[in-house]
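Student: Dropping a prediction and its sequence here:
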Amino acid sequence: MGNYRHLEHTILVRKGDLVKLILNDCGFDVSLKKNLALLLETLSSLLFMEFAKPLEVIKSEYYFFDPDSNYLPLVTKQSHLDPSAQEPVASLDTLEAGFIKLLEHANFKRLTWENVHKWEQDSSKYWGLNVQIRQEEFDRLLMYYRGDTFVLRRPSKWWAPWKQDKVPTPGYSRFATFVKTKKKNHHDANSVLSDHVFLKLFKDIPKNEIPMVFPGAKVRLNRIDQSMISYPIVTGIGLVFYNVIISFLKVGIVALVGVTWPLALAFGGYGYRSYYNYVTKRQNYDLRMIKNLYFQLLDSNSGVISRLMDEAEEQQSREAILGYYCLLKYAPEKGWASQQLDDFIELFFTQHFVKKIDYDIVDGIKKLQSLELVEESGMLFKAIPIEDALKKLQAKWALQVSEQHLFSKHPL
């Protein structure tokens, strides 16, 4: 079906449900169906093993930048005598490159700073929150998203505050950030945060709420609130001066002698009232911002890495399972070209799950070839028989176990 601009490569179906569908759909006899189930389980285990090592690597790299880490650093007798012998600190560039690769495996796409500036304007337009962030405050900033969607939100309307209707707002199904702030003045209480990298993963977040997720985001009062705060003090001071002038014109300079302290108290009272209204309004805005994001946050810091790695592994498994089964069950004897397989998988998925996808045929074929589950002849691809495929996967599993020195019992 080609590439849909409005569709995603992500297959939003549980791997267990996909396997159940295939076993119900295949129509094989009991023995062959059992072997197919074993094959799919072995395939999933292999891909899980394949992602286990990169997960440990990136978690080890992030350990040095994790603000939540409470692990003790490795200190040896030699490092006490020679400080240069201490455990080396991981490279920030290496961590950033690994995180980008992880996001791409999970089918995330990158966003730019220009998008944020547009969303800053929209946040005030729709929600009455004027959120401002400064790019120069960040040493590293990555923004990735997956899944264009619409999220129901109740816009702020000063001319009709009683209206509670929710409107569909453009947003992202998933939004991930990689943030490291620049070093600040050493007298700043928050300067310690500059040594850390903050990872966040959000769900179903409107685009115009994205500026709220960054550290250091500041809520500015809109013009209506500024007017409501400044109006009382301006009118109050105006009335005070009016009364003073009237008294001066009627009585003369003697009238000013008795109004010095009342005038000072009036200025102080109006000033305090305006400041109190300002602080209260800022607190209300901060509360609204926190409330908006509370239910959107999926994970933070090291939890983001584990969740993304799990999603990437599941996605690879679903692509390989769909590709192999459709070639095995529905392809003609001579096989299918990659585009034919792509079209059929998308139709097959839509038929059973009433949801369109854009199957990543390049990644799917590449994965099947690396697992040696398909044969290519003249640009046509054909699935190898279940028995042969199962033997190949079991041999690969045994090799993986021996290479990684795993002593646990074979799960299959």
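Tutor: Nice, I can see it.

Student: Show the average pLDDT along the one helix or strand Glu61 maps to.
Tutor: Using DSSP states H and E, the element containing Glu61 is helix 30-62. Helix 30-62 shows a mean pLDDT of 91.

Student: How about the backbone phi and psi for Ser377?
Tutor: phi -140, psi 110 (degrees, to the nearest 10).

Student: ditto for Asp204
Tutor: Torsion angles at Asp204 (phi, psi; degrees, to the nearest 10) stand at phi 40, psi 60.

Student: Let's see the pLDDT reported for Phe99.
Tutor: 94.

Student: That one is in contact with Val179, isn't it?
Tutor: No - the criterion here is C-beta atoms under 8 Å, and Phe99 misses it with Val179 at 11.3 Å. For glycine as for every other residue, the C-beta is placed from the backbone atoms N, C-alpha and C.

Student: shared neighbours, the two?
Tutor: Both Phe99 and Val179 are in contact with Leu142, Leu199, where contact means C-beta atoms under 8 Å, 6 or more residues apart in numbering.

Student: who touches Thr10 in this structure?
Tutor: Ala106, Asn107, Arg146, Gly147, Gln315, Ile357.

Student: Let me have these in JSON lines, adding distance to Gln369, neighbour count and secondary structure as columns.
Tutor: Formatted as JSON lines, the contacts of Thr10 follow (distance: C-beta to C-beta, whole Å; neighbours: other C-beta atoms under 10 Å; DSSP: H, G, I helix; E, B strand; the rest coil):
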{"residue": "Ala106", "distance to Gln369": "21", "neighbour count": "23", "secondary structure": "coil"}
{"residue": "Asn107", "distance to Gln369": "20", "neighbour count": "20", "secondary structure": "coil"}
{"residue": "Arg146", "distance to Gln369": "26", "neighbour count": "19", "secondary structure": "strand"}
{"residue": "Gly147", "distance to Gln369": "28", "neighbour count": "18", "secondary structure": "strand"}
{"residue": "Gln315", "distance to Gln369": "17", "neighbour count": "21", "secondary structure": "helix"}
{"residue": "Ile357", "distance to Gln369": "21", "neighbour count": "21", "secondary structure": "coil"}
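
Student: Show me what the helix holding Glu61 is packed against.
Tutor: helix 15-26, helix 92-105, helix 302-330, helix 386-403 (3 or more C-beta pairs under 8 Å, 6 or more residues apart in numbering; DSSP states H and E).

Student: quick one: Lys334 is in a helix?
Tutor: No - per DSSP: H, G, I helix; E, B strand; the rest coil, Lys334 lies outside any helix segment and is coil.

Student: wait, doesn't it sit right on Phe381?
Tutor: No - if you go by C-beta under 8 Å, Lys334 and Phe381 don't touch, sitting 10.1 Å apart.

Student: the more surrounded of the two?
Tutor: Phe381 (21 against 9; other C-beta atoms under 10 Å).

Student: what are the bridge partners for the more buried one, then?
Tutor: Trp336, Glu376 (DSSP bridges).

Student: ok, now how distant is it from Arg134?
Tutor: 52 Å (C-beta to C-beta, to the nearest Å).

Student: again, but for Tyr324
Tutor: 50 Å.

Student: out of these two, which sits in the more crowded spot?
Tutor: Shown here are Tyr324 and Arg134; by other C-beta under 10 Å, Tyr324 has more neighbours (25 against 10).

Student: give the contact list for that one.
Tutor: Tyr324 is in contact with Leu43, Leu368, Leu373, Val374, Ala383, Ala389, counting by C-beta under 8 Å, 6+ apart.

Student: Repeat the analysis, applying 6 Å as the threshold.
Tutor: With contacts defined as C-beta atoms under 6 Å, 6 or more residues apart in numbering, the neighbours of Tyr324 are Leu368, Leu373, Ala383.

Student: For Asn107, see how far away it is.
Tutor: As defined by C-beta to C-beta, Tyr324 lies at a distance of 20 Å from Asn107.

Student: ok, now Asp165?
Tutor: Plainly put, Asp165 is 34 Å away from Asn107 if you go by C-beta to C-beta.

Student: what's the closest non-adjacent residue to Ser338?
Tutor: In this structure, Ser338 finds its nearest non-sequential neighbour in Ile361, 5.2 Å apart by C-beta to C-beta, 6 or more residues apart in numbering.

Student: Tally up the residues packed near that neighbour, please.
Tutor: With other C-beta under 10 Å as criterion, Ile361 counts 21.

Student: residue ranges with poor pLDDT in the stretch 251-400 of the chain?
Tutor: Across the stretch 251-400 of the chain, residues meeting the criterion (pLDDT under 70) sit at 251-292.

Student: Try it again at 50.
Tutor: The stretch 251-400 of the chain contains no residues with pLDDT under 50.

Student: Which of the contacts of Tyr324 fall in strands?
Tutor: Judged by DSSP state E, those include Ala383 as members of strands.
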